[in-house]
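> below is the structure, and that's it, no one-letter string:
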């Protein structure tokens, strides 16, 4: 698999075709995009508390990890944000509901994060 990735990287056209990312790289890209968009720190992500921005950041991380790595178990997604699987389930439901009701802030954050991950 490493040989294939190296070959694809060698033939990738800068700015046009991005080389494939490993799941670890993708998770890091998601976390970075969420942090930049919502304006929280990594410490705030794992810290106990229920302020709006850190909670939203954790929820978006869950949503985008599940979107881009659908085979990842909820328990494993929870480990990324230092929470359990029930928090992941709640996060997926909450963001879906907010997007369905076209909550302005949620839609704006979702679109910005999506663009940064691409």
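Thanks, I have it. Because the structure is predicted, anything quoted here is derived from the model rather than measured.

> helix or strand: which one has the nearest residue to residue 116 once chain neighbours are set aside?
Closest residue to residue 116 apart from its sequence neighbours, by C-beta to C-beta, 6 or more residues apart in numbering: residue 33 at 3.7 Å. Bear in mind the C-beta positions are built from the backbone N, C-alpha and C, glycine included. Using DSSP states H and E, residue 33 sits within helix 23-38.

> hmm, who's touching the next helix or strand after that helix?
Next in sequence after helix 23-38, counting helices and strands by DSSP H and E, comes helix 42-46. By C-beta atoms under 8 Å, 6 or more residues apart in numbering, the residues outside helix 42-46 that reach it are 31, 35, 51, 53-54, 57-58, 61, 81-82.

> identify all contacting residues around the following helix or strand past helix 42-46.
Per DSSP H and E, helix 42-46 leads on to helix 52-68 as the next helix or strand towards the C-terminus. The contact list for helix 52-68 (C-beta under 8 Å, 6+ apart) reads 26-27, 30-31, 33-35, 37-40, 44-45, 47, 49, 72, 77, 80-81, 83, 87-88, 91-92, 94-96, 106, 109-110, 113-114, 117.
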